[in-house]
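> I'd like to go over a predicted model; first the sequence, then the structure.
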Amino acid sequence: MDDLKAVLHAYSVQPFYIENETEKLYKVQDGQQQFALKQSQLSPDDMAMWENVYQEAYTQNLHTILPVFLTREGNIYEIYEGTVYYLSPWRGNALSSFDKYTIGNFYRHLGHIHVKTKRTRTVDTDSFVQNFRGYQKQCEALQKKLLFFVEQFEAKHYMSPFELLVCTHFRDIDFSLQESNRRIDQLINEQEQQEQWNYSLCHGNLNSSHVIVSPEQMYLINWDKARYEYAPFDLSQFYKSETVHYDAPVDLFLDEFDSYMNENKLTNKELYMLIIQVLDPAPYIQLVEEHDQSSKTMIDQIIPLQHIFRRILFGLRLSAYVEKEYDTLDLDDLES
């Protein structure tokens, strides 16, 4: 603990006790209050962006971003023996699950951060279209590859549990690839009409373990992966993390989505981009490809396959929800 005490000394904190909460998080108590001391993996390249998070939080009054303390030298971090540490108030433990109140509150706070830090850039349409037409071709190749594996599995006298699961999933995965292709066409059509994209301060690694609810308010913590990106990036990362569980509150994620939109109304193409991200089929097909040569146990292969499948199913539900609630363009209009 001597190294931690040396770090805390830089903040003029004299700890009564230091409690190890996780591998890189420590709960610290001095004579007056409790602190969270975080050992970070920030690289020198990440440092400037991370510091900018707290500059934005200060100038834009973003109280959802949990503040950090300054060292005696006026820095927001302390480097000790090559490792970066930062100190913030202790506001309780991270969320273990979402209910109607917490997901609505989460959406509102995230949308508020995105709208307050929003800026606009022009994206070259030719490059944009080329990239997404290329992605469509990749998805078409993945679709053929998946069909090839399914036909191989079905030709076997005996299928393994993994192979049987892939065959069971096939109809939904195939439909998700078609839906992704449809949404890409819509995205390109929107881009050809409007080259402007909105970019905001994004957390970069959102999941329930980075959300704290205290009696005062909700906080988003661990901004080590922060970046300026289109707002759906944060939402897609959150969904990819949270919808993989069998008991994920996917109905609430959709029912409360308006709470986000009321703070930061996404454009059609931002919604299409979100759907495309959540439907990403590549990790699923990769697991199928690796199955035959995998040294993992059957259960260790099935679990990640099920996780990705649940996420893709949520992507289909999200697409249907957007179709019902927000779509203003019918793809048939593209041909008229």
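Okay, I see it.
> Now residue 206. Nearest residue, chain neighbours left out?
In this structure, residue 206 finds its nearest non-sequential neighbour in residue 238, 4.1 Å apart by C-beta to C-beta, 6 or more residues apart in numbering. All C-beta atoms are positioned from the backbone trio N, CA, C, and that covers glycine.
> again, but for residue 240
Spatial nearest neighbour of residue 240, chain neighbours left out: residue 311 (5.8 Å); criterion: C-beta to C-beta, 6+ apart.
> Could you check the helix or strand containing that neighbour and say which residues are buried?
For residue 311, the host element (DSSP states H and E) is helix 298-325. By neighbour count on 16 or more other C-beta atoms under 10 Å, the buried set for helix 298-325 is 301-302, 305, 307-319, 321-322.
> For the residue positioned nearest the centre of the chain, give me the backbone phi and psi.
Taking C-alpha atoms, centre = their mean, the centroid of the chain lies closest to residue 237, which sits 1.5 Å from it. Dihedral pair for residue 237: phi -60, psi -40, per degrees, to the nearest 10.
> what's the distance between it and residue 88?
Going from residue 237 to residue 88 by C-beta to C-beta, to the nearest Å gives 22 Å.
> Show me what the longest helix seen in the chain is packed against.
In terms of residue count, the longest helix belonging to the chain (DSSP state H) is helix 161-193. With contacts defined as 3 or more C-beta pairs under 8 Å, 6 or more residues apart in numbering; DSSP states H and E, helix 161-193 has these neighbours: helix 125-154, helix 268-278, helix 282-291, helix 298-325.
> With respect to residue 109, which of these lies nearest?
Of all the helices and strands packed on helix 161-193, helix 268-278 sits nearest to residue 109, with 18.1 Å by C-beta to C-beta.
> Between helix 282-291 and the particular helix or strand that has residue 240 in it, find me the angle.
For residue 240, the host element (DSSP H and E) is helix 232-242. Calculated by axes from the mean of the first three to the mean of the last three C-alpha atoms, to 10 degrees, helix 232-242 forms an angle of 40 degrees with helix 282-291.
> and helix 232-242, how far out from the chain's middle?
Taking C-alpha atoms, centre = their mean, to the nearest Å, one finds helix 232-242 lying 3 Å from the centre of the chain it belongs to.
> For that helix, give the mean pLDDT please.
Averaged across helix 232-242, pLDDT comes to 98.
> For that helix, give me every contacting residue.
With contact meaning C-beta atoms under 8 Å, 6 or more residues apart in numbering, helix 232-242 is reached by 98, 110, 114, 202-208, 248, 253, 260, 266, 270-271, 273-274, 277-278, 311, 314-315, 318.
> Same question for stretch 292-312.
160-162, 165-166, 169, 172-173, 176, 239-240, 243-246, 248, 278-279, 281, 283-284, 287-288, 291.
> which among these end up buried?
162, 165-166, 169, 173, 176, 239-240, 243-244, 248, 278-279, 281, 284, 287-288, 291.
> Just the pLDDT at residue 152, thanks.
96.
> Hey, what's the angle from the helix holding residue 311 to helix 268-278? Just curious.
160 degrees.
> between helix 298-325 and helix 161-193, how many degrees?
30 degrees.
> Can you give me the domain boundaries for the chain?
2-89, 100-335 (automatic domain parsing).
> so of those domains, which one's packed in deepest?
domain 100-335 (a mean of 17; mean count of other C-beta atoms under 10 Å).
> so how far is that domain off the chain centroid?
9 Å.
> Tell me where this structure is predicted with low confidence.
Applying pLDDT under 70 to the chain flags residues 328-336.
> What about it, which residue is the most distant from its middle?
Relative to the centre of the chain, the most outlying C-alpha is that of residue 157, 40.9 Å out, by C-alpha atoms, centre = their mean.
> any idea how far residue 280 is from that one?
Taking C-beta to C-beta, one finds residue 157 at 34 Å from residue 280.
> Residue 92 should be in a strand, yeah?
No: under DSSP: H, G, I helix; E, B strand; the rest coil, residue 92 sits outside any strand and is assigned coil.
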